[in-house]
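**Student:** The following comprises the amino acid sequence and a computationally predicted model.
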Amino acid sequence: MTDIRQNGAPSAPPSPPEFAEPSLSKVRPSAQQLAVQAIASEALVAPASVTAVASAPLSVPALPPSSALAHDLALAAAGSLRSRVPAFALMKECLRVQSSAPERSALARVLGREPLHPDALSWYRGAVGELQVARVLGKLDPRWTVLQAVPVGSAGADIDHVLIGLGGTFTINTKNHGGKKVWAAGTTFMVNGQKLAHIHHSTFEAQRAARLLTDATGTSVSVTPLIVLVNPASLARKMPDVTVLDATELLRWIRRQPQMQTDATVARITWAAARRDTWTTLVDDGAVPAKSPGHVEDDYEQQFAARRAEVDAAQSRRRAWSLLVALAFLSGVVGATLLLAPFIPEILSKLVGGL
């Protein structure tokens, strides 16, 4: 994969530096610290050869030139793809579609009419789901690295979440099927009786990630796909080909994973995964790695947060109106009962007498 610099001239991406296995201690450094330290020191010590996921023999690649090394170190220190906000592509598309929606009238606002354009609803729900899963992943041990909305390929696609740690490397496909019944078995994934291709897509996504990370690190990388559901009404599983989890199960499931990678392997994969040119040839998709004041990513995040607050407010108003109508109905029933109370015995006697 070529690295398209700002001047448009392609150049071969630098080979990853070797990462020395850190000495054991009671407190392990984070994967980010290991990666930055390894790049800065230009370590040439080969990592331990025994690992459950790197089957290819490990060679010692040439270090990048000093200028490229400085560039990589700057990217690592700034965060590179680490800084991307979750659900970036979904928020961006939701806001684009929503921009064509007419403004609601004052009456519509008071009544709590849905502010989202119908075509923006699916993008909105997807973004909300990814944001919720991102919050869960944010509770993990700092030795885990989480990359959000990783751009991949040249068609504008992205991977919802990439997770790298001692327990393995994972791609997470988040699906917001709130209030719907989900059934998964083998290669079949059904939502309210409708078959969807989630398992096929998740498998392809993990295979592509494994290939790209293997190319970038020079060693075999295994990637496990996960499908994480947000607020399903029910979830039935019968040995699906891909692990399917409710978002409420995700944290516990990850913490229970056995160690599958060494610290050095984690550092090597993290170094490669944080680089944009590992995943895509696109120079920029509207979000550069490092944030800064007024950054476009911040703008989208703030706009989406404002839109979400508007949606939540509309839902609250609709609930309030529904409650008010229900109370009015009950009050009417109670009031009518009280008015008719003196006549109820006479009415009942006539009804009984007429039998």
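**Tutor:** Nice, I can see it.
**Student:** Can you tell me the closest non-neighbouring residue to Asn192?
**Tutor:** Lys180 (4.9 Å; CB to CB, 6 or more residues apart in numbering). The C-beta positions use only the backbone N, C-alpha and C, and glycine is treated the same way.
**Student:** Secondary structure of Ile227: a helix, I assume?
**Tutor:** No. Ile227 sits outside any helix when classified using DSSP: H, G, I helix; E, B strand; the rest coil, being strand.
**Student:** Is it in contact with Ala247, as I believe?
**Tutor:** No. Contact criterion CB atoms under 8 Å: Ile227 and Ala247 do not qualify, at 10.7 Å.
**Student:** Buried ones in stretch 234-241, by neighbour count?
**Tutor:** Residues of stretch 234-241 classed as buried: 235, 240-241 (neighbour count, 16 or more other CB atoms under 10 Å).
**Student:** Send me that stretch as CSV with only the CA atoms.
**Tutor:** Output of stretch 234-241 as CSV, limited to C-alpha atoms (Å, rounded to 0.1, in the frame of the first residue of the first chain):
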residue,chain,number,x,y,z
SER,A,234,-34.2,-10.2,22.7
LEU,A,235,-31.1,-12.1,21.5
ALA,A,236,-31.1,-15.8,20.7
ARG,A,237,-27.8,-17.5,19.7
LYS,A,238,-27.1,-21.0,18.4
MET,A,239,-23.4,-21.3,17.6
PRO,A,240,-23.1,-18.4,15.2
ASP,A,241,-19.9,-18.3,13.1
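**Student:** pLDDT on that stretch, on average?
**Tutor:** What stretch 234-241 shows for mean pLDDT is 98.
**Student:** Strands along this protein, start to end?
**Tutor:** Using DSSP state E, the strands of the chain run over residues 3-4, 10-11, 145-152, 157-165, 168-175, 181-186, 188-191, 194-196, 224-229, 234-240, 243-246.
**Student:** Rebuild those as a markdown table, extending it with distance to Val110.
**Tutor:** Formatted as a markdown table, the strands of the chain follow (distance: least, CB to CB, whole Å):
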| stretch | distance to Val110 |
| --- | --- |
| strand 3-4 | 51 |
| strand 10-11 | 57 |
| strand 145-152 | 36 |
| strand 157-165 | 37 |
| strand 168-175 | 34 |
| strand 181-186 | 35 |
| strand 188-191 | 35 |
| strand 194-196 | 36 |
| strand 224-229 | 35 |
| strand 234-240 | 36 |
| strand 243-246 | 36 |
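**Student:** and the longest helix anywhere in the chain, what does it pack onto?
**Tutor:** Of all the segments of type helix in the chain, defined by DSSP state H, the longest one is helix 296-340. Other helices and strands packing on helix 296-340, by 3 or more CB pairs under 8 Å, 6 or more residues apart in numbering; DSSP states H and E, are helix 88-98, helix 106-111, helix 121-137.
**Student:** buried residues in the shortest one?
**Tutor:** What it means is helix 106-111. Under 16+ other CB under 10 Å, helix 106-111 has no buried positions.
**Student:** Quick one: distance of it to the chain centre.
**Tutor:** Centroid displacement of helix 106-111 relative to its chain, using CA atoms, centre = their mean, to the nearest Å, is 33 Å.
**Student:** go on, the first one?
**Tutor:** Taking CA atoms, centre = their mean, one finds helix 88-98 lying 15 Å from the centre of the chain it belongs to.
**Student:** Quickly list what Val191 is bridged to.
**Tutor:** Counting by DSSP bridges, Val191 is bridged to Val182, Gln194.
**Student:** Run the chain-centre distance for stretch 145-160.
**Tutor:** On CA atoms, centre = their mean, the centre of stretch 145-160 falls 10 Å from that of its chain.
**Student:** Kindly check the end-to-end length of it for me.
**Tutor:** End-to-end distance of stretch 145-160 (CA to CA, to the nearest Å): 14 Å.
**Student:** What mean pLDDT does that stretch get?
**Tutor:** For stretch 145-160, the per-residue pLDDT averages 94.
**Student:** May I see the buried residues of it?
**Tutor:** Residues of stretch 145-160 classed as buried by neighbour count (16+ other CB under 10 Å): 145-152, 158-160.
**Student:** any idea which of the residues you listed is closest to Arg82?
**Tutor:** Nearest to Arg82 out of the buried residues of stretch 145-160 is Leu147 (CB to CB; 6.3 Å).
**Student:** Setting the sequence-adjacent residues aside, check what's closest to that closest one.
**Tutor:** Val162 (4.2 Å).
**Student:** Would you agree the one you found is in contact with Ala209?
**Tutor:** Yes. Shown here, Val162 and Ala209 form a contact pair, counting by CB under 8 Å, at 6.9 Å.
**Student:** Phi first, then psi, for the closest residue in space to Gly179 that isn't next to it in sequence.
**Tutor:** Computed as CB to CB, 6+ apart, the closest residue to Gly179 that is not its neighbour in sequence is Ala233, at 5.1 Å. Torsion angles at Ala233 (phi, psi; degrees, to the nearest 10) stand at phi -70, psi -40.
**Student:** residues near Ala233, how many?
**Tutor:** 11 (other CB atoms under 10 Å).
**Student:** Contact partners for it?
**Tutor:** Going by CB atoms under 8 Å, 6 or more residues apart in numbering, Ala233 touches 179-181.
**Student:** All good on my end, thank you.
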